[in-house]
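[1] Sequence and predicted structure are below.
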Protein chains: 2
Amino acid sequence: MKLYGYWRSSAAYRVRIALHLKGLAFESIAVHLVKDGGQQHQAAYTALNPSHLVPTLVDGDLVLNQSLAIIEYLDDKYPDIALYPQNAAEKAKVKALALDIACEIHPLNNLRVQQYLVNTLPLPESAKLTWSHHWMQQGFEAVEQQLAHSAGKYCFGDTITMADICLVPQVYNANRFKLDMTRFANIRRVVDNCNQQPAFIAALPENQDDAEH
Amino acid sequence: MKLYGYWRSSAAYRVRIALHLKGLAFESIAVHLVKDGGQQHQAAYTALNPSHLVPTLVDGDLVLNQSLAIIEYLDDKYPDIALYPQNAAEKAKVKALALDIACEIHPLNNLRVQQYLVNTLPLPESAKLTWSHHWMQQGFEAVEQQLAHSAGKYCFGDTITMADICLVPQVYNANRFKLDMTRFANIRRVVDNCNQQPAFIAALPENQDDAEH
């Protein structure tokens, strides 16, 4: 399998965690989101991913975009170390929490939105931080409340699920944007627990070949 | 089952389509997103949905948010009239297309973002339209290209899937915001086909009890 990604993309980071959790070998291909005006806009890449976004997984004939679709495909194909509970209601709760992050926090803060804010509107550079903090804070409030009911060592009890896979990269991003995480005690505890696991360590942005230090 | 929604919310609209496709009875409870400063912010509702968003499904003890999590829960519990192909690779392609809409178009255009643009930044009222058109156009370009490969009568061949359930409300929204859809011939054809089906007609915003004409 080949994974087209970028070290600091939270969506690619999610897929890396899932691949490592399942112990699957893959080749990483770096798509630099900033260099050359963004390599995700080059024809060779948009032929694979018409959304101009990372990640893309290539598995034989299958070319797949959208991190959650990729991860659930891996979960279907390699069901050992399942990323969702078996019970339909519990599975749905995990999925809702993952989507609270993937649909309500991440899309508002990714690179293309940041670029639009300062290049197109155009707002001053500082608006990127204000904007990101607003949506992350609002999103984390909701996640924190859910974790108060559901979390054990991880987001849902003591087993790693899709919710953890989405939460860890989002918090990494929040730290990068210097969001004050003090009040999000449940989130911090769960993320700390995840970050002690080898799969999460292997997937860290700074541990990728294309990382810039 | 009780569905908390709002006639014009695209996310609630998706869930209504799925419920009608599966022939499931449900009680609709209106949460007015504008009146009283937004009923989604009232304590009685945020106790069910800490994200302050619609929809929420209540099914016995289960209280579930996030439209895609709700629909996949229904699909697990009532597998007749399946919303995904059985084959893992095809299922993943459908899911990726649904997420191209649910993660890349919808979150950037929903009410809270529109409100933030004009009330908080603050930008002039016209910015709402420019902003929405930008993200819808960019998102539809990618969807249109995918449909050129995958579509038959519907997004994936001739069977209604989750991708159609996400596409139809997004196009309804685009029409409401007067986006020029001329170049999106595949999208228009698929949506026209969906909108002839009873489940899609029953789910239309204007056919809901809380619709305002």
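    Ah, there it is.
[2] Helices of chain A, start to end?
    Counting by DSSP state H, chain A forms helices over residues A:10-21, A:43-46, A:67-77, A:88-102, A:106-109, A:111-115, A:127-150, A:162-176, A:185-194, A:198-203, given from the N-terminal end onward.
[3] Alpha carbons of the second one, as PDB, please.
    Once non-C-alpha atoms are left out, helix A:43-46 reads as follows in PDB (Å, rounded to 0.1, in the frame of the first residue of the first chain):
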ATOM      1  CA  ALA A  43      -1.700  17.300 -12.200                       C
ATOM      2  CA  ALA A  44       0.100  14.100 -11.200                       C
ATOM      3  CA  TYR A  45      -1.500  14.200  -7.800                       C
ATOM      4  CA  THR A  46      -5.000  15.600  -8.700                       C
END
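[4] Please list the outside residues in contact with it.
    Surrounding helix A:43-46, the residues in contact under the criterion CB atoms under 8 Å, 6 or more residues apart in numbering or on different chains are A:4, A:31, A:39, A:40, A:52, A:56. Glycine gets a C-beta too; all of them are placed from N, C-alpha and C.
[5] pretty sure the fifth one is touching residue A:41, no?
    The one in question is residue A:52. Yes: contact status for residue A:52 versus residue A:41: in contact at 5.4 Å, counting by CB atoms under 8 Å.
[6] Looking at the two, which one has more neighbours?
    Neighbours per residue (other CB atoms under 10 Å in any protein chain shown) separate residue A:52 from residue A:41, with residue A:52 holding more: 19 against 12.
[7] Please name the nearest non-neighbouring residue to the more buried one.
    Leaving aside its chain neighbours, residue A:52 sits nearest to residue A:40 (4.9 Å; criterion: CB to CB, 6 or more residues apart in numbering or on different chains).
[8] wait, doesn't the one you found sit right on residue A:50?
    No: if you go by CB under 8 Å, residue A:40 and residue A:50 don't touch, sitting 10.8 Å apart.
[9] Could you check which of the two is surrounded by more residues?
    More neighbours surround residue A:40 than the other of residue A:40 and residue A:50, with 23 against 18 (other CB under 10 Å).
[10] rewinding a little: need the contact list for the residue nearest to residue A:52.
    Residues touching residue A:40, when contacts are defined by CB under 8 Å, 6+ apart, comprise A:31, A:33, A:46, A:49, A:52, A:53, A:54.
[11] which of those residues sit farthest apart?
    For the contacts of residue A:40, with distances taken as CB to CB, the pair at the greatest spread is A:33 and A:46 (13.4 Å).
[12] phi, psi of residue A:82?
    With angles defined as degrees, to the nearest 10, residue A:82 shows backbone torsions of phi -70, psi 140.
[13] what separates it from chain B, distance-wise?
    Distance of residue A:82 to chain B, given as CB to the nearest CB, to the nearest Å: 14 Å.
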